[in-house]
Structure formats: C-alpha cells, structure tokens
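>>> Any chance you can model this:
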Amino acid sequence: MIVIMKKGVKMDDVEHIRNTILSRYNIEVISRYGKIILRILDSVNEGFILKKLNNTYIVDKIIKNEAPYFLVTREFKSQDTFISIGDIVIGGKAPTVIAGPCAVEAHDQIKTIAYFLRNHGIRLLRGGAYKPRTSPYSFQGLEITGLKILRNIANELGMYVVTEAVDTDSFGYVEKYADIIQIGARNMQNFSLLKRAGRAKKPIILKRGFMSTIDEFLSAAEYIVFHGNPNVILCERGIRTYERLTRFTLDISAIPVLKELTHLPICVDPSHAAGKRSLVIPLARAAIAAGADGIMVEVHNDPDMALSDGKQSLTFEMFETLISQLYSGVSSYREKKIWTFMQPSFS
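Numbering: from 1, shown residues only. Next up is the predicted model:
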C-alpha cells in the first residue's frame, strides 16, 4: 500500500501519522517530485488504514494495490517533467536533437563529427565508449579513453556528453564524464543497473528493450525514479517483429500512448529502428510529428568505415537534409516554436 501526502505537508505531520496510525507497520518514507510518500511494506488491514487515513487532511491519495509503476504516471504527476542540461530543456515546447557516432573510435573522428554538429547548432553529443555487442568479436569501445575524448571535445565546443553505461562496475566512470547517461535496450531490465542509475546525479536516457511492452518499459523507469533519480528520459528505439526489411520496427504508436500515461519526456532513436540510413529521416520526421520531445540519431564522417552501426549512420550531407526538413516542417505541426538545437554556429 502507498500513501501519498499532499504537497507542502511538513515532515512533523508525516511522522505523527507514522508513529500513531501506522505505528505497527514497517514504513519506507520517500520524496519524489515534491511529494512525500509512505510505502507500507507489510500486509495491512486495508479497511482500517482507509478509514483512518481518508479522514486525514494531509493525505492526498491512497493506492491500495501496488501497481508495477506509479511515480512515473500522470496520475501521480499531471504536469510534464522538464529536464535541464545546462541551458537546454528536454521535454519543453521545442524538440531536442541528440547526435553523434555510434561509438568513439578515435580523437580525430570525434573532433571532426563534433565540429560539424556544433556548426549546425547541435549541443548534445552522443557516442559510445562502452559498447554492448551481440558478438564478442565486435568492437567493444575505447572505455575510459573514449569517455575522456568525449569530455575534452565537448568542453572545447560547449557541448554536452550523452553516453551509455553498460554495467554497475563502469557506471561511476560514465557518471564522472557524461552529462546524460544512457541505459541501452539490452539493459532495460538490468535491475542492478537501474537501481544504480537511481542513485546517479545525472539525467538518464532509458531505452525501451526490443522485446519489451510499454508496461515493462515504464516499470523499468519506475525503478530509477523510485531509487532517487527523477530525471528520466524515455527512448523508443524500435521493437522486434517478424519484419526483416528493417532492423527493428519503430513503434510510433508508443509515443502518444506514453504521452497519455507518463509525465516523463520521450525521445526516439530512428537510427536503431531503421538499421539503414535511407530510412532515418522519414522516421525522425514521423516521430516529431507524433509528439516526441526529441530525436537521437547516429552521424558519422565516413559511415562505410565506421567500426559499428555504419549502415544506419547518417552522412554529413544527410544530416543537413534532416535538420532542414525538421526545421521547415516544425512550423506546420509545432506552431513555429524554436528548436532547441538551433543555436548560433560555432566558429
């Protein structure tokens, strides 16, 4: 059972209830999004609890049967959650673009891509330093060296680093160098990693597992929020279906469904869904049209020579087309609101 207090309630009042009405129970007290929550860990006499607490002026709501997720729902928090990274807001009125290569391969490679992106107004630089790969023979990433390359170049250009944590052992290193930490699709239900992300001081991008339902996706997000980190960005990146002409099937319907269910911002990764670069631009446009708060795309200066995911990485020319189409299209379905990536060019 979960007891949610009204906003502005003082801890003295909460402790009074805990020490009187709920004194016989084992209680966990947490605070999320400005609300104090009492989680009763024992079996309870529901009738007794409801009778006593429903007449208490400081109680907002009582959830009798714990759902797999609640903190991430609009029932708990009706207003959208905005996540700030420096002067960039994810989940605000303007969509956000995160871009960069699949993996950090070398200093010069990242510098070339980062300079190109920054000159096109991109502030959020993605790149994998730790790479969870299906085959043990595939490129696994430069690890700490890769993190340092990302951080140094981002600092030089006034950008922010988005990169993946693949396990609890390396999480501390990623947290040190990144501005946003990504939890990949393969790790969506790595509960130890989710708990560690909940203790992080950085925002988390949580990718939907390619065999996961939306309920499972939101339950994974609940782990992070419950364990202390309210700054979670959901990322739809395609699910596995019977179709073989694309790498995965981008679940466009997940965007409006999630918008109804959760207050968390939602981005889309059309690169992983498509699996080939020719499909990335139309899928990105569809995602924004469906209401996504941003997109995350892979861009490479020489995709055919990339050490990972080259087939789905946009060339520089294609990325310029993407930005042009998104920006021109935004006036029709986003009421001419300014995109967060359209900053003055770096020189």
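>>> Neighbouring strands - and their directions - for the helix or strand containing Thr163?
Using DSSP states H and E, Thr163 maps to strand 160-164. Strand 160-164 has its sheet partners listed here by DSSP bridges as strand 124-126 (parallel), strand 180-183 (parallel).
>>> Which of the ones you listed sits closest to Ala274?
With respect to Ala274, and counting by CB to CB, the nearest of those is strand 124-126 at 16.1 Å. No exception for glycine: its C-beta is placed from N, CA and C like everyone else's.
>>> any idea how far that closest one is from the chain center?
When C-alpha coordinates are averaged (CA atoms, centre = their mean, to the nearest Å), strand 124-126 and its chain have centres 13 Å apart.
>>> now the helix or strand following that strand against strand 160-164, angle please.
Counting by DSSP H and E, the element after strand 124-126 in chain order, helix or strand, is helix 144-157. With axes from the mean of the first three to the mean of the last three CA atoms, to 10 degrees defining the directions, helix 144-157 sits at 160 degrees from strand 160-164.
>>> Tell me which residues of helix 144-157 come out buried.
Within helix 144-157, the residues scored as buried using 16 or more other CB atoms under 10 Å are Gly146, Leu147, Lys148, Ile149, Leu150, Arg151, Ile153, Ala154, Leu157.
>>> what's the burial count for the closest residue to the second one other than its chain neighbours?
Nearest in space to Leu147, with sequence neighbours left out and distances taken as CB to CB, 6 or more residues apart in numbering, is Tyr177 at 4.0 Å. Burial measure for Tyr177: 19 neighbouring residues, criterion other CB atoms under 10 Å.
>>> Next, work out how far apart Tyr177 and Ala99 are.
18 Å (CB to CB, to the nearest Å).
>>> Need the distance between the two termini of stretch 175-195.
With CA to CA, to the nearest Å as the measure, stretch 175-195 spans 14 Å from end to end.
>>> Comparing the strands paired with strand 160-164, which comes out most buried?
For the strands paired with strand 160-164, average neighbour numbers computed from mean count of other CB atoms under 10 Å are highest in strand 124-126, which has a mean of 26.
>>> Show me the contact partners of it.
Residues outside strand 124-126 that contact it (CB atoms under 8 Å, 6 or more residues apart in numbering) are 85, 88, 96-101, 114, 117, 150, 153-154, 159-163, 179-180, 182, 296, 298, 341.
>>> Can you name the residues that contact the residue nearest to Lys311 when sequence neighbours are not counted?
Distance criterion CB to CB, 6+ apart; nearest residue to Lys311, sequence neighbours excluded, is Lys276 at 5.4 Å. Listed by CB under 8 Å, 6+ apart, the contact set of Lys276 reads Thr246, Arg247, Lys311, Gln312.
>>> which one's the longest helix in this structure?
Determined from DSSP state H, the single longest helix within the chain is helix 316-333.
>>> Okay, buried residues for that helix please.
Buried residues in helix 316-333, counted by 16+ other CB under 10 Å: Phe316, Met318, Phe319, Leu322, Ile323, Leu326, Val330.
>>> Now do that helix, average pLDDT.
Helix 316-333 shows a mean pLDDT of 80.
>>> how about it as CSV, C-alpha atoms only?
Extracted C-alpha coordinates of helix 316-333, given in CSV (Å, rounded to 0.1, in the frame of the first residue of the first chain):
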residue,chain,number,x,y,z
PHE,A,316,27.0,14.8,-43.0
GLU,A,317,25.0,15.7,-46.1
MET,A,318,22.1,13.6,-45.0
PHE,A,319,22.2,15.1,-41.5
GLU,A,320,21.9,18.6,-43.1
THR,A,321,18.9,17.4,-45.0
LEU,A,322,17.4,16.0,-41.8
ILE,A,323,17.8,19.3,-40.0
SER,A,324,16.4,21.3,-42.9
GLN,A,325,13.4,19.1,-43.2
LEU,A,326,12.7,19.0,-39.5
TYR,A,327,13.1,22.7,-39.1
SER,A,328,10.9,23.5,-42.2
GLY,A,329,8.3,21.0,-41.0
VAL,A,330,8.1,22.3,-37.5
SER,A,331,6.1,25.3,-38.5
SER,A,332,3.2,23.1,-39.6
TYR,A,333,2.8,20.9,-36.5
